[in-house]
Every structure is written in C-alpha cells, then in structure tokens.
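Asker: model this:
(one chain, ligands or ions: 1)
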Amino acid sequence: MAPDGRVAVCPGSYDPVTNGHLDIIERAARIFERVIVGVVDQPLRKGQTLFTAEERKAFLLQATEKIPNVEIEVFDTLLVDFARKHGARALVKGLRAISDFEYEFEMNQLNRKLADDIESVYLMSSPQYSFLRSSGVRELATFGASIEDLVPDGVAKALHDRLSRENP
Ligand code: PNS
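Answerer: Numbering: from 1, shown residues only. From the prediction side, this is the model:
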C-alpha cells in the first residue's frame, strides 16, 4: 500500500504495556488519523517475553478501547514491511532518557536503510513517565512492589499473578 501521511505505526514489544506507552499512543492518535500499534511477536533482541503476543495485544486492546482511531495488531515481519502493509508513512516511538537515544538511533538507521520513505518520529516522554519501562515494572512486580500507578488496569494483576506463579 502506498504510504499515507495520515497513518502511523507505534511499534514495540509491550511486555507489558505501561502508562508511558499509552501516553505516547494517545498523543500519536491526536496527530495522526489512524494509529496502528504493532506488537512484535518475538522481539529478537529481548529474548523470551513474559506474556505471549496475544496476551500483550489483549492488554493493549483493553487499554485503548476508548480511542477510536487506534488499532492493535501483532506482527512477525520486518517493522518497515508491517508499516508498508498498512500504508503508514511514520513510525512513532517514545524517547525517554539519553539512554534510549543510542538504541533508537541504531533502529532509525536500520529502518531508514530499508525504507527511506517511512520516517521515524520521536515523541519525548512526559516527565512522569521518563523512568518507566516494562522491564522495570516486571522487576518491581517480581518483588511484590506496588505497580498499580505504572500500568493500565488489568495489567498489574496479570503481572502479579504471572510472576508470583513463576516464583511461588
Ligand atoms: O523497543 P522495542 O520494543 O524493542 O522495539 C521493537 C522494534 C520492532 C520497534 C525495534 O526492534 C525496531 O525498530 N526494529 C527494526 C528492525 C526490525 O524490523 N526487526 C524485526 C522485528 S524484531
């Protein structure tokens, strides 16, 4: 499908989705007419995920159900091929701290080498989420810390259930 400037993809592993991810998705949905949240089936660099792709998708569906122009889809191809399939011209990602920059710079170069007609667009994370990442939330949940204000409804319980089941 030919790239359309009104369509964007918000890609990620979302293992699980955090309130920081949702902030970026909501802001992207205010800029673009159609936002497709692409859930990476098996992230190559991050190893085994805690939740299956369908579970991660279900969390996102529930958390974004009130945003009409957001869709959720799992993909297992190159990101740019997924974007092309949907006619997206932009890949929207959140940028937290300096530590994100190097990784995102590399991804940007890779994706642009593959498809220079698809642009990566970075939204600076809102200050209250600048420390928030899925791995940190998983770590807190593993030790029984409160994570209710960091992830959407349903995810906190699922995290506690999954991690306490794995670490009885
Ligand atoms: O930050 P994340 O969750 O690791 O992001 C995943 C993704 C797909 C956005 C990032 O790995 C990326 O931009 N990859 C580009 C190369 C690619 O298409 N790989 C295939 C999917 S892992």
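Asker: Is the helix or strand where Gly136 lies in proximity to the ligand?
Answerer: Using DSSP states H and E, Gly136 sits within helix 134-142. No - taking Cβ under 6 Å from any ligand atom as the criterion, helix 134-142 and the ligand are apart, separated by no less than 8.1 Å. In short, each C-beta sits where N, CA and C put it, glycine included.
Asker: Give the buried residues for that helix.
Answerer: Judged by neighbour count using 16 or more other Cβ atoms under 10 Å, the buried positions of helix 134-142 are 134, 137-138, 140-142.
Asker: Now do Glu26: how many residues are near it, please.
Answerer: If you count neighbours by other Cβ atoms under 10 Å, Glu26 ends up with 15.
Asker: pLDDT (mean, whole number) over stretch 88-98?
Answerer: When pLDDT is averaged over stretch 88-98, the result is 94.
Asker: Quick one: residues in contact with that stretch.
Answerer: Contacts with stretch 88-98, where a contact means Cβ atoms under 8 Å, 6 or more residues apart in numbering, come from 3-5, 7-12, 20-21, 23-24, 28, 31-32, 35-36, 79, 83, 101, 104, 107, 111, 117-125, 129-133.
Asker: got the CA positions of that stretch in PDB?
Answerer: Extracted in PDB, the C-alpha atoms of stretch 88-98 (Å, rounded to 0.1, in the frame of the first residue of the first chain):
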ATOM      1  CA  ALA A  88       2.000   4.000   7.200                       C
ATOM      2  CA  ARG A  89       4.400   6.900   6.500                       C
ATOM      3  CA  ALA A  90       5.500   7.300  10.100                       C
ATOM      4  CA  LEU A  91       6.900   5.100  12.900                       C
ATOM      5  CA  VAL A  92       6.100   6.800  16.200                       C
ATOM      6  CA  LYS A  93       8.200   6.000  19.200                       C
ATOM      7  CA  GLY A  94       8.700   7.400  22.600                       C
ATOM      8  CA  LEU A  95      12.000   8.700  23.700                       C
ATOM      9  CA  ARG A  96      12.700   8.700  27.500                       C
ATOM     10  CA  ALA A  97      16.200   9.500  28.600                       C
ATOM     11  CA  ILE A  98      19.600   9.800  27.000                       C
END
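Asker: all helices of this protein, in order?
Answerer: In the chain, the helices defined using DSSP state H lie at 19-31, 53-63, 79-85, 98-114, 134-142, 155-166.
Asker: Would you mark the buried spots in the first one?
Answerer: The neighbour-count criterion (16+ other Cβ under 10 Å) identifies 19-25, 27-29 as the buried residues of helix 19-31.
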